[in-house]
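Peer 1: from the sequence below, what's the structure:
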Amino acid sequence: MKTINAFLIVLMTGLFTACYIETAVPGRDGLDGKDGESIIGSVFEVEGDFKPSNEFSLMYEFPATFKVYDSDVVLVYILWDQVTDKYGKVQDLWRLLPQTVVLDEGVLQYNYDYTIRDVNIFLGGTIDLYKLLPAEALDQVFRIVVMPADFALYNSIDVSNYGLVMKALGDQPVIHK
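Peer 2: Numbers count the residues shown, from 1 in each chain. Here you go, the predicted model:
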């Protein structure tokens with residue numbers, strides 16, 4: 001009888017340890033499970049003018065097909081300058097908002113806020129916004145980066161460095177314009 005009980009215990013232990021149930025957390029593999037759609041990160045490019053008619057702000061609404069979660073990180077970068085590298089190639093220089101510029105007329109700040117539906121990029125500071133020069137207000141280019149907070153923390157990304165963020169998202173992240 002002891003032999004039969006021992007045999008049953010070994011058999012049951014073997015059966016239970018052979019069963020494996022995968023309990024994956026959606027998004028941990030970088031996919032949301034819908035046709036292999038990536039949720040690691042997305043980049044949206046916005047270009048516009050800060051004018052009195054738009055209250056010196058640019059409103060960007062996320063596409064209806066794009067979902068922003070409460071736990072996502074939303075970052076906005078401004079195209080600050082273009083520099084020529086040692087190979088003679090022009091490179092974009094991006095800076096994370098907020099950015100503050102001290103001018104003779106006062107302080108100008110490029111800043112933003114966001115919800116899960118939109119991003120509002122706006123100007124503030126002590127300067128009279130009605131007296132801005134075209135270079136400060138017109139033809140401004142921004143990149144909005146949306147990524148899961150866990151991805152940013154897990155990869156220890158220095159989010160102030162646009163190049164490192166893009167590298168973490170992959171060599172050629174899709175930029176939605």
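Peer 1: can we go C-alpha only for contacts and neighbour counts from here?
Peer 2: Fine.
Peer 1: quick one: the helices in the protein?
Peer 2: 2-18, 134-137, 149-154, 162-169 (DSSP state H).
Peer 1: and the ones you listed, which one's lowest on average pLDDT?
Peer 2: Lowest mean pLDDT within the helices of the chain: helix 2-18, at a mean of 47.
Peer 1: can you name the residues in contact with stretch 81-95?
Peer 2: 77-80, 160-162 (CA atoms under 8 Å, 6 or more residues apart in numbering).
Peer 1: could you tell me the end-to-end distance of it?
Peer 2: Stretch 81-95 has an end-to-end distance of 9 Å (criterion: CA to CA, to the nearest Å).
Peer 1: give me the buried positions along that stretch.
Peer 2: Under the neighbour-count criterion of 16 or more other CA atoms under 10 Å, stretch 81-95 has 94-95 buried.
Peer 1: how far is that stretch from where the chain is centred?
Peer 2: Here stretch 81-95 shows a centroid-to-chain-centroid distance of 22 Å under the convention CA atoms, centre = their mean, to the nearest Å.
Peer 1: stretch 120-135 now?
Peer 2: Remark: stretch 120-135 is offset 25 Å from the chain centroid, using CA atoms, centre = their mean.
Peer 1: same question for stretch 108-123.
Peer 2: 14 Å.
Peer 1: and for stretch 68-84?
Peer 2: 6 Å.
Peer 1: if we go by neighbour counts, what in it is buried?
Peer 2: Here stretch 68-84 shows 68, 72-78 as buried, counting by 16+ other CA under 10 Å.
Peer 1: strands - which of these land there?
Peer 2: Under the assignment DSSP state E, the buried residues of stretch 68-84 contribute 72-78 to strands.
Peer 1: of all those residues, which comes closest to residue 107?
Peer 2: residue 78 (17.1 Å; CA to CA).
Peer 1: quick check: that closest one vs residue 70, distance?
Peer 2: Distance from residue 78 to residue 70, by CA to CA: 23 Å.
Peer 1: same thing with residue 57?
Peer 2: On the measure of CA to CA, residue 57 and residue 70 end up 23 Å apart.
Peer 1: cool, and residue 50?
Peer 2: 28 Å.
Peer 1: still on that earlier bit, in CSV: the buried residues of stretch 68-84, plus distance to residue 97 and pLDDT.
Peer 2: CSV is the format used below for the buried residues of stretch 68-84 (distance: CA to CA, whole Å; pLDDT from 0 to 100):
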residue, distance to residue 97, pLDDT
68, 19, 93
72, 17, 92
73, 13, 92
74, 11, 96
75, 8, 96
76, 6, 98
77, 6, 98
78, 7, 98
